[in-house]
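K.L.:
Compute the structure for the input listed below.
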Amino acid sequence: MFSLNCVTTPAYSMDCPIPNTLKNLKIVASILCIDKKLIIFGDGDATRDFVHVDDVVDAIILAISNSKNILYNIASGTSTSISDLAKIMISISQKDIKVLHKPKNPGDIKFSSANISLAKEILKFTPKISLKSGLEQFMSK
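P.N.:
The predicted model follows:
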């Protein structure tokens, strides 16, 4: 009956100060600011594909401008382990923070990575802000 053009752009783990989306990174940043132990649930090998909110906005604008009825994964296309994320954040904080491992939470996803090839091919989407750069911006506030 209706002919609607829709674009769907699910964003993966965004590294920006948005409530709920970044609840865990906010907690980590708070811990680093007050010199507490950093707790990682599980062995730290779990991965996530973090993408900066500015890159997500760019992708949405490209998608609205260039396509119809397509689902694009919007992410960095790079998986980062939780251990590596902790190392980056500790390095940025320039503090001597100890990492403590606790049992993983039930239901936690071990590996999360996005295939962004369709967004790259059709939208010419390329993430511009690295995880480290995004975290430096985030943690400086």
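K.L.:
Just the pLDDT at Leu38, thanks.
P.N.:
Leu38 is assigned 81 on the pLDDT scale.
K.L.:
Give me the distance from stretch 97-108 to the chain's centre.
P.N.:
Averaging C-alpha positions (Cα atoms, centre = their mean, to the nearest Å) puts stretch 97-108 18 Å from its chain's average.
K.L.:
now what about it, what contacts it?
P.N.:
Applying Cβ atoms under 8 Å, 6 or more residues apart in numbering, the external contacts of stretch 97-108 come out as 31-32, 35-44, 46, 83, 86, 90. Every C-beta, even on glycine, is put in place using the N, C-alpha and C of the backbone.
K.L.:
what two of those are the furthest from one another?
P.N.:
Within these, two members stand farthest from each other by Cβ to Cβ: Asp35 and Ala46, at 25.0 Å.
K.L.:
Distance of the residue nearest to Phe125 when sequence neighbours are not counted relative to Asp55?
P.N.:
In space, and not counting its chain neighbours, Phe125 is closest to Ala119: 4.1 Å by Cβ to Cβ, 6 or more residues apart in numbering. Going from Ala119 to Asp55 by Cβ to Cβ, to the nearest Å gives 10 Å.
K.L.:
Please apply the same query to Leu123.
P.N.:
Counting by Cβ to Cβ, the separation of Leu123 from Asp55 is 12 Å.
K.L.:
One more: Thr126?
P.N.:
When distance is defined by Cβ to Cβ, Thr126 is 9 Å away from Asp55.
K.L.:
With Ser93 as the reference, measure out to Met139.
P.N.:
For Met139, the distance to Ser93 equals 7 Å [Cβ to Cβ].
K.L.:
Report whether the expected contact of Asp49 with Ile109 is present.
P.N.:
No: checked against Cβ atoms under 8 Å, the pair Asp49 and Ile109 is beyond contact range at 11.1 Å.
K.L.:
In terms of neighbours, single out the busier of these two.
P.N.:
Counting neighbours by other Cβ atoms under 10 Å for Asp49 and for Ile109 shows that Asp49 has the greater number, 23 against 8.
K.L.:
Could you pull up the contacting residues of that one?
P.N.:
Neighbours of Asp49 in contact, by Cβ under 8 Å, 6+ apart: Tyr12, Ser13, Ala75, Ser76, Gly77, Thr78, Ser79, Thr80, Ser112, Ser113, Ala114.
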